[in-house]
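Colleague: Take this sequence and fold it.
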Amino acid sequence: MPKRRLAHTAALACALVPLIALISSAVANAAGGGIPAPACSTTGTPPLETVEPVTERPACKDGQVLSFDQAGVTRYACLNLPPHADASAAKWPMIVYLHGSMTNPDSLYRSGRALFALSHDYPLSTRADTKGFILLAPEGRRAKAWASDGPHTGTGFHWDEWQRDPSKNLDVQAIDHFVDQVVAMGQVDAKQIYVFGWSNGADMAVLYGAWRAERIAAVGQYAGADPWQRTPCPVDMPSGRQVPLVLLRNMCDAFAKCSDTNSWSDTLEKQNWPLRRVDLTLGGKNAGPNAQCVESCGKARGLYEHIRWPEKAVLANQMLEFFKAHPLP
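Modeller: Next comes the predicted model:
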C-alpha cells in the first residue's frame, strides 16, 4: 500500500473513537435527543440545564490545573506556559482555547497537539526576542443541549452559546475568572490576548470576543459559524468593535455546514469585517481561494472532517500569522 494511503488510513483509524461517539450522539439527536426550548427572549434561551457531574478535573498534560468554585460547581482550566517562561521576566501573548462539545481541555493535547507544539517556540509576540505563547484552556460544563433545526450534540460538555446575556452566562464569567487569574501572574502581554475555539467552542469564541472586545485582540474559529443565528433562538448581532476574525472551515462538515459558513463569511464581508477565511481540504490543508463546498457530503466524511483539526502549517501560517498582525492598538 502506498505511504500516502497508509498515512490517510492511520488518520482515519485515529479518528474512529471520537467519530463513533459523534455518530451515536447524532443518531440520538435525530430521534429527539435535544430538549425543547422554552419561549425565546432577546438574549436567546435560558441558561443550559446542567447534569451531574457538571465538571471533571482535566489532566492538563505538562501544565497546571486551575480551579475555583462557581455557585457550588468547581470550574477547571489548563494552563501551559512556554518552556522557558519561568526563567524570564518577559511577557507572552496568550491564546484562550475553547474546546468543542463532548470534549474537554485535554483535547488540546490530542486533537490540538499541533497548536500545543507551536506554543513552545512560535514567534507570535510582536517583540522579536520573545518566542512561544501561553495557552489557557478553560472547561465548559456537562449539560443538555437544546433541540435545533440542524445537527447538534446531546448531553455532554458544552459552552452555553445559546444564552447571549454575558451578565447571566456562567461560562463567560468562568472564562473571565481564569483570564484574570493568569493576567494577574504578570506574564501576559495584555495587547495580545486571543481566543480560539473548535466547534461549539468556535461559536463561543466569537461571542466572548464580542463581549470582551476591549480585551480580546482577535478571534479564531475552527468548524464554527454564526453564533448569533444559532437555533432555536437566533438573536441580532450586536454593534461594537469589529474584533478581527480568522475562520478556518471545511468544505464538507456535518455540524458546521459549508453553506452555513458561506453565509457567515458573507455577513462579515458585507460589514467590511477584518476577516481571513481559510478553506480546508479533506486532510486539513489550505485548499486555496477557489475551493468549493462538497456537493455530496456524506455523514461519515462530514463527521471525520469536523473532528479533524487543521494541519500545523495552516495554524501557523494562517491563524497565528493573522493573530500576530492584529494586536490591540
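Colleague: Only C-alpha atoms from now on, for both contacts and neighbour counts.
Modeller: OK.
Colleague: Which stretches in the protein count as helices?
Modeller: Taking DSSP state H, the helices of the chain run over residues 3-30, 113-121, 170-183, 200-211, 258-270, 299-307, 312-314, 321-324.
Colleague: which other helices and strands contact the third one?
Modeller: To tie it back to what came earlier, the one meant is helix 170-183. The contact analysis (3 or more C-alpha pairs under 8 Å, 6 or more residues apart in numbering; DSSP states H and E) places helix 170-183 against strand 134-138.
Colleague: Check what contacts the longest strand seen in the chain and list those residues.
Modeller: What stands out as the longest strand in the chain, according to DSSP state E, is strand 188-198. Strand 188-198 has contacts (C-alpha atoms under 8 Å, 6 or more residues apart in numbering) with 91-100, 125, 134, 182-183, 202-205, 209, 215-224, 323-324, 327-329.
Colleague: Which of the helices of the chain has the lowest mean pLDDT?
Modeller: Per-stretch mean pLDDT for these is lowest at helix 3-30 (a mean of 45).
Colleague: Closest to the centroid, which residue in the chain?
Modeller: With distances taken as C-alpha atoms, centre = their mean, the chain has residue 197 as the residue nearest its mean C-alpha position (1.2 Å).
Colleague: how close does it sit to residue 154?
Modeller: 19 Å (C-alpha to C-alpha, to the nearest Å).
Colleague: And for residue 101?
Modeller: Relative to residue 154, and taking C-alpha to C-alpha, residue 101 is found at 9 Å.
Colleague: Likewise for residue 218?
Modeller: Distance from residue 218 to residue 154, by C-alpha to C-alpha: 30 Å.
Colleague: Among those two, which residue is more densely surrounded?
Modeller: For the pair residue 218 and residue 154, the greater number of neighbours falls to residue 218 (31 against 26), based on other C-alpha atoms under 10 Å.
Colleague: Please name the bridge partners of the more buried one.
Modeller: Applying DSSP bridges to residue 218 gives these bridge partners: residue 194.
Colleague: The one 4 residues further on too?
Modeller: Here residue 222 sits in beta bridges with residue 198, residue 248, going by DSSP bridges.
Colleague: which residues sit in contact with it?
Modeller: Residue 222 sits next to 196-199, 202, 247-249, 309 when contact means C-alpha under 8 Å, 6+ apart.
Colleague: just those now: which is nearest residue 293?
Modeller: residue 249 (10.3 Å; C-alpha to C-alpha).
Colleague: Would you confirm that that closest one contacts residue 259?
Modeller: No. Between residue 249 and residue 259 there is no contact under C-alpha atoms under 8 Å: 10.7 Å.
Colleague: Show me which of these two is the more surrounded one.
Modeller: Taking neighbours as other C-alpha under 10 Å, residue 249 and residue 259 compare with residue 249 leading, 28 against 14.
Colleague: quick one on the thing from earlier: which of the contacts of residue 222 has the most neighbours?
Modeller: residue 202 (30 neighbours).
Colleague: related to what we said a few turns ago, CA atoms of the longest strand of the chain as CSV?
Modeller: Extracted in CSV, the C-alpha atoms of strand 188-198 (Å, rounded to 0.1, in the frame of the first residue of the first chain):
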residue,chain,number,x,y,z
VAL,A,188,0.7,38.1,29.8
ASP,A,189,1.1,40.7,27.1
ALA,A,190,-2.3,42.5,27.5
LYS,A,191,-2.3,43.6,23.9
GLN,A,192,-2.1,40.1,22.6
ILE,A,193,-4.8,38.0,24.2
TYR,A,194,-6.6,35.9,21.6
VAL,A,195,-9.4,33.4,21.7
PHE,A,196,-9.5,30.2,19.5
GLY,A,197,-12.4,27.8,19.6
TRP,A,198,-13.3,24.5,17.9
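Colleague: how far off helix 299-307 does it point, in degrees?
Modeller: Per axes from the mean of the first three to the mean of the last three C-alpha atoms, to 10 degrees, the angle that strand 188-198 makes with helix 299-307 is 180 degrees.
Colleague: for the record, mean pLDDT for strand 188-198?
Modeller: Here strand 188-198 scores 98 as its mean pLDDT.
Colleague: picking up where we left off before, ok, and the closest non-adjacent residue to the residue nearest to the centre of the chain?
Modeller: Leaving aside its sequence neighbours, residue 197 sits nearest to residue 98 (C-alpha to C-alpha, 6 or more residues apart in numbering; 4.5 Å).
Colleague: How much space separates residue 252 from residue 163?
Modeller: With C-alpha to C-alpha as the criterion, residue 252 and residue 163 are 28 Å apart.
Colleague: These two: which has the busier surroundings?
Modeller: Per other C-alpha under 10 Å, whichever of residue 252 and residue 163 has more neighbours is residue 252, with 27 against 23.
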